[in-house]
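Novice: Using only what follows, build the 3D model:
(4 chains)
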4 protein chains.
Amino acid sequence: MRIGILTGGGDCPGLNAVIRAVVRKGVEHGDEVVGFRDGWRGLLEDDAVPLDLRAVRGLLPRGGTVLGTSRTNPYALEGGAERVLDTLTRHRIDALVPVGGEDTLGVAARLSEVGVRVVGVPKTIDNDLDGTDYTFGFDTAVGVAMEAIDRLHTTGDSHHRTLVVEVMGRHAGWIALHAGMAGGATVVLVPERPFDVDAVVAHCLHRFESGYSPIIVVSEGATPREGGQVVATGERDAFGHVRLGGIGPRLAALIEERTGREARAVVLGHIQRGGTPSAFDRVLATRFGLAAVDAVHAGLSGVMVALRGTDVVPVPIAEATAQLKLVPLERYAEAEVFFG
Amino acid sequence: MRIGILTGGGDCPGLNAVIRAVVRKGVEHGDEVVGFRDGWRGLLEDDAVPLDLRAVRGLLPRGGTVLGTSRTNPYALEGGAERVLDTLTRHRIDALVPVGGEDTLGVAARLSEVGVRVVGVPKTIDNDLDGTDYTFGFDTAVGVAMEAIDRLHTTGDSHHRTLVVEVMGRHAGWIALHAGMAGGATVVLVPERPFDVDAVVAHCLHRFESGYSPIIVVSEGATPREGGQVVATGERDAFGHVRLGGIGPRLAALIEERTGREARAVVLGHIQRGGTPSAFDRVLATRFGLAAVDAVHAGLSGVMVALRGTDVVPVPIAEATAQLKLVPLERYAEAEVFFG
Amino acid sequence: MRIGILTGGGDCPGLNAVIRAVVRKGVEHGDEVVGFRDGWRGLLEDDAVPLDLRAVRGLLPRGGTVLGTSRTNPYALEGGAERVLDTLTRHRIDALVPVGGEDTLGVAARLSEVGVRVVGVPKTIDNDLDGTDYTFGFDTAVGVAMEAIDRLHTTGDSHHRTLVVEVMGRHAGWIALHAGMAGGATVVLVPERPFDVDAVVAHCLHRFESGYSPIIVVSEGATPREGGQVVATGERDAFGHVRLGGIGPRLAALIEERTGREARAVVLGHIQRGGTPSAFDRVLATRFGLAAVDAVHAGLSGVMVALRGTDVVPVPIAEATAQLKLVPLERYAEAEVFFG
Amino acid sequence: MRIGILTGGGDCPGLNAVIRAVVRKGVEHGDEVVGFRDGWRGLLEDDAVPLDLRAVRGLLPRGGTVLGTSRTNPYALEGGAERVLDTLTRHRIDALVPVGGEDTLGVAARLSEVGVRVVGVPKTIDNDLDGTDYTFGFDTAVGVAMEAIDRLHTTGDSHHRTLVVEVMGRHAGWIALHAGMAGGATVVLVPERPFDVDAVVAHCLHRFESGYSPIIVVSEGATPREGGQVVATGERDAFGHVRLGGIGPRLAALIEERTGREARAVVLGHIQRGGTPSAFDRVLATRFGLAAVDAVHAGLSGVMVALRGTDVVPVPIAEATAQLKLVPLERYAEAEVFFG
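Specialist: Presented below is the predicted three-dimensional model:
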């Protein structure tokens, strides 16, 4: 068989491990593997590269994606789908393995409907894709954020300062929740629950009274509320706040003003998504890649591989991407015992 | 309520995180928590320490266990069980939370049968306890082993040497399997499958021919076979081999002899079980601790907390410890594509 | 003898290692060691704690300072010096070991002039103290920044984005220079050389043309220039820019605007100064502590210990703090070969 | 100019950083750089590869050496020197930059005497080369060993076991000394001072009595003494001890036997010399590479670059390699305060 592979959307530690696993497993089956560059752009513009054992040597520990990535959506372009199908035909691709998030998998599902054999591999560093227990990259991001929090504990206590750590998580607070629990943060603020600035300030004052310094973990997508109103996020742009580091530095400024004590922000940004994957993510990404090739050979299509407990299983893409996986109230409540 | 807690068996990264979570959650419920030192010995000899918020401050990232541990079994001692019950009565303990492996939980199950309210927390760095998807400490151990393998790749290739990494795993090869997959080892040898020394030697020669150097991950409990016979492990003791690093250095010596090229062994030993837990293990250990207190307040007994998918649930101890969780053949086969 | 010790100014990985070494060495000499809390405040307000072997157990790997720190200056307070001298007399202190930067050592020098036996230990994470080759904490900060840069390479290339990393360094660019060299940054901007924004933008465009993504390391104290003029830093305050992450995010915003491609900032902030010290810093801090006790017993005063090559030697405080150690032009030029 | 470069002897983290720096700086000068494979073998057999900017991209953080290495000595082969000179002529090499230890630099010095322009770069992970304050790779090795010791502290104390860590250092104990100081080991055993087994056993018993567990760091080249006699190292071979992990496991076995308590060994082996270099080593290796090209262009020969304080300077090879740099007694004594 000839298997095509591409990576779309934001990059994630583990993408290269998936590519390597697909090639290693494919070669064992006697398949040929073709990589398309920069997500769907590679299929639109026929930018392809053959992937053999040599091409994937040394890829396992490397962050990023050797195939490149983009946010190109063929269905948003006039004649885009046709060009994708043409390219697939030209390369005699029997099955396509797109690795990506909601958007990439959405395109995959539509191609599957028109007869392309497609087996997706889910990817989101925010871990907000329904249908799989975990996605690779998430554990690495949590680890990077936890190490940062670990480092802040000693310096926070030495100086009696508030420290605010802004982590990734636009719609879902999984990274903040796990990193906050793992690092022993004193408050975790997630997009799922708009937060009251004054309640956070009160918490900080309470911590200082107990002789300790507050460490606050905040998702980039968390939204502050004042007097019961979500603070209009429109002003953000006017003041360029998002560019200037977003919610973390803003929150630190507010806390400093209202507590009368220094507050400092750390913005981890892209160091959460770059670099070598953790062991958990390398194993998960590798198993996803292997399972995708198995699914292809089992004749499946319109599915993505997913982790359920300790098993990797195929699930329908449509089902798995129907809704975002948000932090449920009870998981957030579980962590609240540590805020106080 | 008054809750007793103890840690038994080999230490594991995450034990202190469990202790902290039990205290934090207990205090929220208005409970008092009492720690018993060195596993069941603390209950036999009434060696107890009250645990309040101050006592658990800073524990989350610390390896080892502040309560100490031992392999003492009260049922192996004349009148042991009675002394344990006496101590529990003396301290007015309403519920006991033993954190440990098969042995510790076995004692817990028996105490539960005579009326003690017991909620166990499973612990095994080898991840070989049935009834829970993962135990804390395992992810940390895999991470340590993977980092070692990462480091060996460059030096192996620069010198055209065979490198053998001995990892933990007496009966089950989980650490070897995951670390080997994550690190890109070229052969993984596990206790579940006695291995043929000459097949390993042949693999090494094959790797050298392809221009690369073999990296072999071997569980401490893996057993070599020669000519279809498991090599008698009795001689080990006679020659003190186990003390001298065990299977890893022995295998390296055999490979060096039979390939005619240098082979070197790394014995990771206790660095796999010491030190700060990974984010995964800190979250899991914390959730186990929280769930144990919840189970106590729900009136459960004779259960242990367990990870199933992303949920932490109570399961009967008896059921969960009925048999070891070995690496199934299909999981091992999944990885074999990378040996070649 | 009775030796007093205090830590002043910003905290640094290695402070606890100094405290431990002073106590271990002092005890060997038969000395008693007394710690004063929060820098000079502890001497002003007689806030003291005896330090024995037990008190320093486990301190070596811990970040921060168990003695706390402050920026209190006794000479800035009416009668401050007298109160310090009174406290020293009350505790029968024979010699004082202040650990700190320019300010702390300045007070030490003045006390020495009025007859107090003082042996200082230099501390500045920015490495800008003249008279010593290195100060502890610097190597750790460089390591944290380098790891961040390492992580950014893969994600930068995958997305064709500019990434800006803001590191510590108010007056001297040592952290930026070393982290930038170690991490393979494409431009390093230091306080010693005001930089031209458009030259940086031109560099970014040039990098994109070569197919790679720019990674820019900028010291917090670096100052941008436009049209030959240093951009007035007064506006910073008006716009609260310093609080909002400072130069890093501002520079990213400018680059994004002028290159027309996404630019993102990482602000490492306090994670550079928190957490466990590197091996280099632990050895240096330990040797500084040992040498300080040796200097005390040798009857020296008005000196600080300093690293010269591989030797730790006493040097006059006045001489060592006469001027800041800036990055010399030739060291900066040495690195410029990598910008291009 | 045309500059040749090769790497000889054992590999070290930082070799690739040297290669990259030589190429980057050379290209800036308008030079062409040619790499010879596997040390002097590449010059003997004319195995060369041109090195341009593309060839060294991404090399900075990579362990090992892309040029490969060997222990080939052209002067040990009939006509070897002539073949080396022929190859240099054939490639029109104006200057040669050999990166290596005592052996490699010895060949370099002899070639310089017959008129080849040679600027060496010193390399020894053991840090035992006289004439330079530090060599790259050493700091990385110390860091790996320190992290291992950090991990052992918690598990040692939890189980009341002796833990023995065997580190590199055949003739000089620098790695053991620095890692032991940085990790808080309780005894450090170095090749420079044959040690008394019973003194070590007595130390372990003393530690256990104080309630703590001993952690012993031992150089691979340290030699035990019994009753005033250095234990004949001949028996080692008879029992295959060196292959079986060497002094570490043997010492652990002796301690277990004589203290009556469990003792375990960790053999770090090649993980100390593999993997990504520390920031210190990357900066040092890079500066060595840059300075070598500068020295070439300054017309120097028969020199190697060396670190003196914070400066990188050229020193005569002959002088720098005249004797090994051993741990001086006073440096060892400095650390002894921590054994007790």
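Novice: From now on I want contacts and neighbour counts done on CA atoms only, so please keep to that.
Specialist: Fine.
Novice: how about the strands in the stretch 51-200 of chain A?
Specialist: A:95-100, A:119-122, A:162-167, A:187-189, A:195-196 (DSSP state E, counting those that start in this stretch).
Novice: that's a strand at A:V312, yeah?
Specialist: Yes - under DSSP: H, G, I helix; E, B strand; the rest coil, A:V312 sits within a strand.
Novice: surely it meets A:A306?
Specialist: Yes - under the criterion of CA atoms under 8 Å, A:V312 makes contact with A:A306 at 5.4 Å.
Novice: who has more neighbours, the two?
Specialist: A:A306 (28 against 18; other CA atoms under 10 Å in any protein chain shown).
Novice: OK, now which residue of the stretch 201-340 of chain A is nearest to chain C?
Specialist: A:G275 (3.8 Å; CA to the nearest CA).
Novice: Distance of that residue relative to chain B?
Specialist: 14 Å (CA to the nearest CA, to the nearest Å).
Novice: Now for that residue: which residues touch it?
Specialist: By CA atoms under 8 Å, 6 or more residues apart in numbering or on different chains, the contact list for A:G275 reads A:P13, A:R62, A:G63, A:G64, C:D150, C:R151, C:L152, C:H153, C:T154, C:T155.
Novice: sec struct for it, please.
Specialist: coil.
Novice: Need the overlap of contacts for A:V312 and A:A306.
Specialist: A:F288.
Novice: Hmm, A:R24 is touching B:F339, no?
Specialist: No - the pair A:R24 / B:F339 is not scored as a contact, 10.1 Å apart, by CA under 8 Å.
Novice: who's more crowded, these two?
Specialist: Taking other CA under 10 Å, A:R24 and B:F339 do not tie; A:R24 has more neighbours (24 against 14).
Novice: who touches that one in this structure?
Specialist: A:L53, B:V337, B:F338.
Novice: With A:R282 instead?
Specialist: A:R282 touches A:G14, A:A17, A:L60, A:P61, A:F136, B:M181, B:A182, counting by CA under 8 Å, 6+ apart.
Novice: got it, and A:R261?
Specialist: A:H160, A:R161, A:T162, A:I255.
Novice: all helices for chain A, in order.
Specialist: Taking DSSP state H to define them, one finds helices in chain A at A:15-29, A:40-44, A:53-56, A:80-90, A:102-113, A:138-159, A:174-183, A:197-209, A:234-238, A:247-259, A:279-297, A:317-320, A:329-336.
Novice: Which of the ones you listed comes out lowest on mean pLDDT?
Specialist: In terms of average pLDDT, helix A:234-238 trails the rest of those, at a mean of 34.
Novice: how about the residues of the stretch 201-340 of chain A that lie near chain C?
Specialist: A:243-245, A:249-250, A:252-253, A:264-276 (CA under 8 Å from any CA of the partner chain).
Novice: returning to what we had before: going by neighbour count, which of the contacts of A:G275 comes out on top?
Specialist: That'd be A:P13 among these, by other CA under 10 Å, with 34 neighbours.
Novice: neighbours of the residue nearest to A:A318 when sequence neighbours are not counted, just the number please.
Specialist: Closest residue to A:A318 apart from its sequence neighbours, by CA to CA, 6 or more residues apart in numbering or on different chains: A:A109 at 6.8 Å. Residues within reach of A:A109, counting by other CA under 10 Å, total 24.
Novice: give the contact list for A:A109.
Specialist: Counted by CA under 8 Å, 6+ apart, A:A109 has contacts A:V118, A:G302, A:V303, A:I317, A:A318.
Novice: Throw those residues into TSV and include neighbour count, thanks.
Specialist: Formatted as TSV, the contacts of A:A109 follow (neighbours: other CA atoms under 10 Å in any protein chain shown):
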residue	neighbour count
A:V118	31
A:G302	22
A:V303	26
A:I317	28
A:A318	18
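Novice: Out of these, which is nearest to chain D?
Specialist: Out of the contacts of A:A109, the member with the shortest distance to chain D (by CA to the nearest CA) is A:V118, at 34.2 Å.
Novice: Correct me if wrong: the closest one contacts A:G299.
Specialist: No - with contacts counted by CA under 8 Å, A:V118 stays clear of A:G299, the gap being 9.6 Å.
Novice: which residues do the two both contact?
Specialist: By CA under 8 Å, 6+ apart, no residue touches both A:V118 and A:G299.
Novice: any idea which of the strands of the stretch 51-200 of chain A is most buried?
Specialist: strand A:119-122 (a mean of 31; mean count of other CA atoms under 10 Å in any protein chain shown).
Novice: what sits up against that one?
Specialist: So strand A:119-122 is in contact with A:95-101, A:105, A:108, A:129, A:135, A:288-289, A:292, A:295-296, A:300-306, A:317, going by CA under 8 Å, 6+ apart.
Novice: repeat that with 7 Å
Specialist: A:96-101, A:105, A:135, A:288, A:292, A:295-296, A:301-305 (CA atoms under 7 Å, 6 or more residues apart in numbering or on different chains).
Novice: What pairs with that strand, parallel or antiparallel?
Specialist: Using DSSP bridges, the strands paired with strand A:119-122 are strand A:95-100 (parallel), strand A:303-308 (parallel).
Novice: Adding mean pLDDT, write these out as CSV.
Specialist: Formatted as CSV, these follow (pLDDT from 0 to 100):
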stretch, mean pLDDT
strand A:95-100, 98
strand A:303-308, 98
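Novice: So for C:V201, which of the ones you listed sits nearest?
Specialist: strand A:95-100 (31.8 Å; CA to CA).
Novice: Buried residues of stretch A:295-312, list them for me.
Specialist: A:295-296, A:300-309, A:312 (16 or more other CA atoms under 10 Å in any protein chain shown).
Novice: nearest residue to A:V18 other than its sequence neighbours?
Specialist: In space, and not counting its chain neighbours, A:V18 is closest to A:G289: 4.6 Å by CA to CA, 6+ apart.
Novice: number of nearby residues for the one you found?
Specialist: For A:G289, the neighbour count with other CA under 10 Å is 29.
Novice: quick one, phi/psi of A:E78?
Specialist: Per-residue torsions, A:E78: phi -50, psi 120 (degrees, to the nearest 10).
Novice: Next one: it from D:L284, what distance?
Specialist: For A:E78, the distance to D:L284 equals 55 Å [CA to CA, to the nearest Å].
Novice: higher neighbour count, the two?
Specialist: D:L284 (26 against 9).
Novice: Just list the residues touching that one, thanks.
Specialist: D:F136.
Novice: tell me the contacts of the nearest residue to A:E192 once chain neighbours are set aside?
Specialist: Among residues not flanking A:E192 along the chain, A:A172 sits closest, at 6.4 Å (CA to CA, 6+ apart). By CA under 7 Å, 6+ apart, the contact set of A:A172 is A:D126, A:D128, A:V190, A:P191, A:E192, A:L326, A:V327.
Novice: Go again with 10 Å.
Specialist: Listed by CA atoms under 10 Å, 6 or more residues apart in numbering or on different chains, the contact partners of A:A172 are A:126-129, A:190-193, A:219-222, A:324-328.
Novice: Which among those count as buried?
Specialist: Counted by 16+ other CA under 10 Å, the contacts of A:A172 give A:126-129, A:190-193, A:219-222, A:325-327 as buried.
Novice: phi, psi of the residue nearest the centre of chain A?
Specialist: Nearest to the geometric centre of chain A sits A:I125, at 1.3 Å (CA atoms, centre = their mean). Dihedral pair for A:I125: phi -70, psi -20, per degrees, to the nearest 10.
Novice: The nearest residue to A:H160 once chain neighbours are set aside: how many residues sit nearby?
Specialist: Excluding the flanking residues, the one nearest A:H160 by CA to CA, 6+ apart is A:S213, at 5.4 Å. For A:S213, the count of nearby residues is 25 (other CA under 10 Å).
Novice: Spatially nearest residue to A:A285 (excluding sequence neighbours)?
Specialist: Using CA to CA, 6+ apart, the nearest residue to A:A285 is A:V18, at 5.1 Å.
Novice: residues in contact with the one you found?
Specialist: A:5, A:7, A:24, A:59-60, A:65, A:99, A:121, A:136, A:282-290, A:292.
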